[in-house]
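Q: Below are the sequence and a predicted model for it; my questions follow.
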Amino acid sequence: MVNQQTDDNVLAVGDTLGAEEVAVYRWLALHGQLDLVRMAEETGVDETAVSSAVDYLVRIGLVQRGKEGDDRLWVVDPHLVAAVATAPVERAIAEQQTQLRVFRDQFAQLASDYKEGRHGVSTDLETIPGLTQVRAALNRAAEQCREDMVTVQPGGTRPPEVLQDALLRDSQMLARGVRMRTVYHHTARFNSPSQAYVATVSALGGEYRTAHQLVDRVIIFDREVAFMTNRNDRLGAVVVREPSVVHFLYELFEQVWSQAQPFSDAATDGLEAVAKDLDRTILRLLAAGLKDETIARRLGMSLRTTRKHIADMMQALGAESRFQAGVAVSARGLLNDDGEPDAAPTTAPA
């Protein structure tokens with residue numbers, strides 16, 4: 001029993017009735033008089049608890065006593081008591097709804113002014129500053145999405161709180177019949193929160209694949225609007241609505257999707273096999289002359305982890321420089337004519 005009385009000793013919304021109070025109220029409703037011994041016997045509540053329950057029910061207004069010397073008790077309609085208890089809350093809600101309507105009306109006028117000011121200005125490209133605004137725009141686009149959402153999600157890890165927010169949004173879209181496909185970096189297979197998220201949403205109908213190399217983040221809704229990372233503001237986004245550009249980005253996603261692999265737990269695939277596959281990709285990127293920072297970004301790995309892989313591979317090749325590593329790769333025939341690695345020096349998974 002939570003006893004949070006108001007000044008008038010009326011039941012408040014936060015108060016609850018315990019099993020003892022409920023049993024005593026029912027007995028009084030049927031008999032209408034105070035008989036502690038009989039009440040205790042028939043309700044299974046001891047006399048002390050019965051007396052306390054009666055006092056509490058009287059105090060909150062569910063029971064009324066007779067005049068002095070009258071041991072009769074009258075129960076009060078609980079709907080009336082509830083109406084009194086909820087009245088302050090309903091008034092507060094009504095006030096907040098009024099404030100909300102005023103707020104929305106003001107911003108509706110601002111939106112009208114915004115549209116008027118942008119009349120004749122192309123809306124094919126829009127810049128959204130700040131993470132909070134980007135999330136709001138993504139949520140709005142997700143609510144309006146009807147058929148299809150595709151995402152390229154680089155990086156090996158995503159914070160659990162971000163995945164929790166995405167879970168609600170994605171589950172709502174899937175429930176509406178929206179097809180949802182996402183490509184992660186292979187390194188996401190090592191991230192437990194990502195594994196749990198993918199397993200949950202896959203069961204709802206989401207589709208997930210992974211690839212070693214990915215372009216920057218892009219999200220496309222209904223082949224009509226695309227969100228891209230703002231190069232000058234990594235927390236912001238660029239929204240593209242120009243049909244030809246959105247079509248190009250969508251076709252680019254389809255190519256990445258067709259070459260990606262179904263999302264799977266790295267441990268299930270075998271850590272050694274995954275490590276060898278990763279080393280082959282790093283070897284190809286090294287052969288292309290890419291810098292450590294570029295390789296790390298392409299593979300969705302931290303720069304520190306990428307450099308450790310490169311150092312381990314150079315040690316396995318017996319090379320002290322990238323030039324020597326290139327000579328060793330060529331001498332061992334580790335790259336075929338297409339620049340693809342036939343094999344790679346084995347390193348331990350990081």
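A: Ah, there it is. Residues are numbered from 1 along each chain as shown.

Q: which stretches of the chain form strands?
A: Read by DSSP state E, the chain holds these strands, from start to end of the chain: 63-65, 73-75, 125-128, 148-153, 179-185, 207-211, 218-221, 225-230, 233-240, 261-262.

Q: list the helices and strands the shortest one packs on?
A: Using 3 or more C-beta pairs under 8 Å, 6 or more residues apart in numbering; DSSP states H and E, the elements in contact with strand 261-262 are strand 207-211. Yep, even glycine has a C-beta here, placed from its N, CA and C like the rest.

Q: What pairs with the strand it packs on, parallel or antiparallel?
A: According to DSSP bridges, strand 207-211 forms sheet pairs with strand 179-185 (parallel), strand 261-262 (antiparallel).

Q: Out of the strands of the chain, flag the one nearest Trp27.
A: strand 73-75 (9.8 Å; C-beta to C-beta).

Q: follow-up on the earlier one: put together JSON lines for the strands of the chain, with distance to Val24 on each row.
A: Converted to JSON lines, the strands of the chain look like this (distance: least, C-beta to C-beta, whole Å):
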{"stretch": "strand 63-65", "distance to Val24": "8"}
{"stretch": "strand 73-75", "distance to Val24": "10"}
{"stretch": "strand 125-128", "distance to Val24": "60"}
{"stretch": "strand 148-153", "distance to Val24": "57"}
{"stretch": "strand 179-185", "distance to Val24": "55"}
{"stretch": "strand 207-211", "distance to Val24": "57"}
{"stretch": "strand 218-221", "distance to Val24": "58"}
{"stretch": "strand 225-230", "distance to Val24": "60"}
{"stretch": "strand 233-240", "distance to Val24": "59"}
{"stretch": "strand 261-262", "distance to Val24": "62"}
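
Q: among these, which is the most enclosed?
A: By mean neighbour count, with neighbours taken as mean count of other C-beta atoms under 10 Å, strand 218-221 ranks first of these at a mean of 23.

Q: Parallel or antiparallel, which strands does it pair with?
A: In the sheet containing strand 218-221, the strands it pairs with under DSSP bridges are strand 148-153 (antiparallel), strand 225-230 (antiparallel).

Q: The stretch 101-250 of the chain: helices as residue ranges?
A: Using DSSP state H, counting those that start in this stretch, the helices assigned to the stretch 101-250 of the chain run over residues 131-144, 160-175, 192-204, 243-259.

Q: And the longest one, what does it pack against?
A: By that I understand helix 243-259. The contact analysis (3+ C-beta pairs under 8 Å, 6+ apart) places helix 243-259 against strand 148-153, strand 179-185, strand 207-211, strand 218-221, strand 225-230.

Q: tell me the angle the last one makes with helix 131-144.
A: I take that to be strand 225-230. 160 degrees (axes from the mean of the first three to the mean of the last three C-alpha atoms, to 10 degrees).

Q: got the angle for strand 225-230 vs helix 243-259?
A: Comparing the axes of strand 225-230 and helix 243-259 via the same axes, to 10 degrees yields an angle of 80 degrees.

Q: what's strand 225-230 in contact with?
A: 127-129, 134, 137-138, 141, 216-220, 236-241, 245-246, 249-250 (C-beta atoms under 8 Å, 6 or more residues apart in numbering).

Q: quick one, what contacts Val245?
A: Asp124, Ala226.

Q: That one and Asp216, how far apart?
A: If you measure Val245 against Asp216 using C-beta to C-beta, to the nearest Å, the figure is 15 Å.

Q: Which segments of this structure make up each domain?
A: According to automatic domain parsing, the chain is divided into the following domains: 1-120, 125-267, 270-332.

Q: Least confident of the ones you listed, on average?
A: Ranked by mean pLDDT, the domains of the chain end with domain 270-332 at the bottom, a mean of 72.

Q: ok, Arg297 to Ala108 distance?
A: When Arg297 is compared with Ala108 (using C-beta to C-beta), they lie 42 Å apart.

Q: Which of these two has more residues huddled nearby?
A: With other C-beta atoms under 10 Å as the criterion, Arg297 and Ala108 differ in neighbour count, and Arg297 comes out ahead with 19 against 10.

Q: That one and Arg234, how far apart?
A: Distance, Arg297 to Arg234, by C-beta to C-beta: 12 Å.

Q: Arg38 now?
A: Look at Arg38 and Arg234: by C-beta to C-beta, they are 75 Å apart.

Q: what's the answer for Val75, then?
A: Counting by C-beta to C-beta, the gap between Val75 and Arg234 amounts to 65 Å.

Q: swap in Gln133?
A: For Gln133, the distance to Arg234 under the criterion C-beta to C-beta works out to 14 Å.
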